[in-house]
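*Asks:* This is a predicted model, with the sequence first.
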Amino acid sequence: MPVAVRVRAAVRDSVSGLPPEFWWLWTSTLVNRLGTFVTTFMALYLTVNRGYSASYAGLVASLIGLGGVISSLVAGVLSDRLGRRPTMLIAQSSTAVSVALLAFMRDPVAIAGVAFLVGMASNASRPAVQAMIADIVRPEDRVRAYSLNFWAINLGFAVSSVLAGLIARYSFLAGFLGEALMTLLCAVLVFLKVTESRPERARATAEKPAVPEVRLWEVLRNRRFMSVVGLSFALALLFQQAFVGLPVAMGADGFSSTDFGLAIAVNGVLIVTLQIPVTRFTQHRDPRRLLIASALLAGYGFGLTAFAGSLGFYVLAIGVWSLAEIVNAPTQTGLVVRLSPVHGRGRYQGVYSMSWAMAALAAPVLSGFVIDRFGAQWLWGGCAVAGTGAAAGYWLLMRRLGPEKAEKAEKLEKADEYSGSAAGTAAGTAAVVAVTAAAAVEPVGSVGGPGGHAPGSAVGRRGGAETLLGGGDRE
């Protein structure tokens, strides 16, 4: 078969079968990322254009991260209460206004305050987007959908970084206003084309009580899910070193900012090039092995930096941990969905997003302390240890999971989603009862089996059988 025909077939298989709503959401994500400017050039803007110190620039970056930590939880709750679409509209509109306002701030206190608001607003749409993808995409297609969304994020960021660099040479104001305009365009696209997807909770009947609302404290008490959040935080700390420890190490080795830009560009190129084909290869494989392998690749990829003495070796190390990022991002997000009750997806995604926001907040302080106190070699050695520890954590977390229970979990989720819709409540209830009765004699269930589909999440049932994928954990 000719190569061109095989490529077209692969692309068709990668994008087929997903609902139109997903593609509008995907387009809005791409548009949003095409306008990224503040996070890329904020430090340069403050130190070069405004003449503030590096310490002040670090403070502002920390405030942006703190805003993201807070908004992750708030936006998760809003996604479940108000809906995914209203939360996205509020977040994107607020981002557009706050970024435009930041462009005109001159007082250091005002800059810091508005930057905190930018951090809150810009991170608030993530739980809603992730929850909406879980709502509208079939369980067997979710890893592929999250992979395509991750691909759009990186494609948009890669293009925007180049364009933003050109714009920054002439006007930082144009960069800020450009991001505000693109974010506003994203909000308009969501308003016109994206419909609400939040599952409706079934009303109480004589046979079945109403499904209670998932509370945030219940999410935080779910030991299995919080273990995943902790492992996510550990890996996020590693990936943050690409923009924290790596430039410092390359600068200490005598490389210029241009050299760093060329090296880190490899990450974006690899993700844009390999995300779809790698996902085609991994989407039906055992997610446990994928998560363990990605943790090891991330740890030892950054660990290789300790031996880097040339630009080529730095590129090699970046290539290793970039592959870890490609494998981990959709697989980990799919795992979070499987551990989330249907009517609590926003809160679960909010807590998961918080792990990344906290890593962005903690990584600069932690890596700076290690480099200043012990040296960069200890930082990269610590990354290897952290990656190994995360891999062991995934193994311990999933060692009891088996394929038979994964099949029950997928059936349970499909039944619950059907029963949660306005139509089909009676049929969905019957399916839930039948599957729950079959699952009640089994111990805690599975995320996925070797070589099989990654199943959907089992949904917590108060007063019934414990969940197959984590909702049954109790203090």
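*Replies:* Sure thing, it's come through. Residues are numbered from 1 along each chain as shown.
*Asks:* can you map out the helices along the stretch 251-400 of the chain?
*Replies:* Using DSSP state H, counting those that start in this stretch, the helices of the stretch 251-400 of the chain run over 257-282, 287-303, 311-338, 345-373, 376-398.
*Asks:* and what of the stretch 51-200 of the chain?
*Replies:* Counting by DSSP H, counting those that start in this stretch, the stretch 51-200 of the chain has helices at residues 54-81, 84-102, 108-123, 125-136, 142-168, 172-193.
*Asks:* thought Ser147 was touching Val327?
*Replies:* No - contact criterion C-beta atoms under 8 Å: Ser147 and Val327 do not qualify, at 9.6 Å. Using the backbone N, CA and C atoms, a C-beta is placed for each residue, glycine as well.
*Asks:* Tell me where the model's unsure across the stretch 201-350 of the chain.
*Replies:* Low-confidence segments of the stretch 201-350 of the chain (pLDDT under 70): 201-212.
*Asks:* give me that answer again for 50
*Replies:* Within the stretch 201-350 of the chain, the segments meeting pLDDT under 50 span 204.
*Asks:* ok, now the stretch 351-475 of the chain?
*Replies:* Along the stretch 351-475 of the chain, the model assigns pLDDT under 50 to residues 402-407, 418-475.
*Asks:* What residues does the residue nearest to Thr279 when sequence neighbours are not counted make contact with?
*Replies:* Counting by C-beta to C-beta, 6 or more residues apart in numbering, Thr279 lies nearest to Ser147, which is 3.9 Å off, once chain neighbours are set aside. By C-beta atoms under 8 Å, 6 or more residues apart in numbering, the residues touching Ser147 are Gln275, Ile276, Thr279, Gln283, Ala329, Pro330.
*Asks:* a markdown table for these, including neighbour count and distance to Leu181?
*Replies:* Converted to a markdown table, the contacts of Ser147 look like this (neighbours: other C-beta atoms under 10 Å; distance: C-beta to C-beta, whole Å):
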| residue | neighbour count | distance to Leu181 |
| --- | --- | --- |
| Gln275 | 24 | 27 |
| Ile276 | 20 | 29 |
| Thr279 | 23 | 32 |
| Gln283 | 21 | 36 |
| Ala329 | 24 | 28 |
| Pro330 | 27 | 30 |
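*Asks:* Looking at the helices of the stretch 251-400 of the chain, which is nearest to Ala249?
*Replies:* helix 376-398 (4.7 Å; C-beta to C-beta).
*Asks:* buried ones in the closest one?
*Replies:* Judged by neighbour count using 16 or more other C-beta atoms under 10 Å, the buried positions of helix 376-398 are 376, 379-384, 386-387, 390-391, 393-394, 397-398.
*Asks:* just curious, which of the residues you listed is nearest to Glu213?
*Replies:* Glu213 has its nearest neighbour among the buried residues of helix 376-398 in Leu397, at 27.0 Å by C-beta to C-beta.
*Asks:* Let me know the distance separating Trp217 from Met354.
*Replies:* 14 Å (C-beta to C-beta, to the nearest Å).
*Asks:* Can you get me a residue count around His20?
*Replies:* Wrong residue type there; residue 20 is Pro, not His. Residues lying near Pro20 (other C-beta atoms under 10 Å) number 9.
*Asks:* tell me which residues in stretch 240-251 are buried?
*Replies:* For stretch 240-251, burial by neighbour count (16+ other C-beta under 10 Å) applies to Gln240, Gln241, Ala242, Val244, Gly245, Leu246, Pro247, Val248, Ala249, Met250.
*Asks:* ends of that stretch, how far apart?
*Replies:* For stretch 240-251, the first-to-last residue distance is 17 Å (C-alpha to C-alpha, to the nearest Å).
*Asks:* Need the contact partners of it.
*Replies:* So stretch 240-251 is contacted by 257, 259-260, 263-264, 267, 302, 305, 308, 314, 318, 321, 359-360, 363-364, 367-368, 371, 376, 379-380, 383 (C-beta under 8 Å, 6+ apart).
*Asks:* I'd like to know which of the residues you listed are buried.
*Replies:* Here, 16+ other C-beta under 10 Å leaves 259-260, 263-264, 267, 302, 305, 308, 314, 318, 321, 359-360, 363-364, 367, 371, 376, 379-380, 383 buried among these.
*Asks:* Next, count neighbours for Trp220.
*Replies:* Trp isn't right for residue 220; it's Leu. By other C-beta under 10 Å, the residues close to Leu220 number 14.
*Asks:* need the next SSE after the helix or strand containing it, C-terminal direction.
*Replies:* Leu220 belongs to helix 216-221 when assigned by DSSP states H and E. Toward the C-terminus, helix 216-221 is succeeded by helix 223-240 as the next helix or strand (DSSP H and E).
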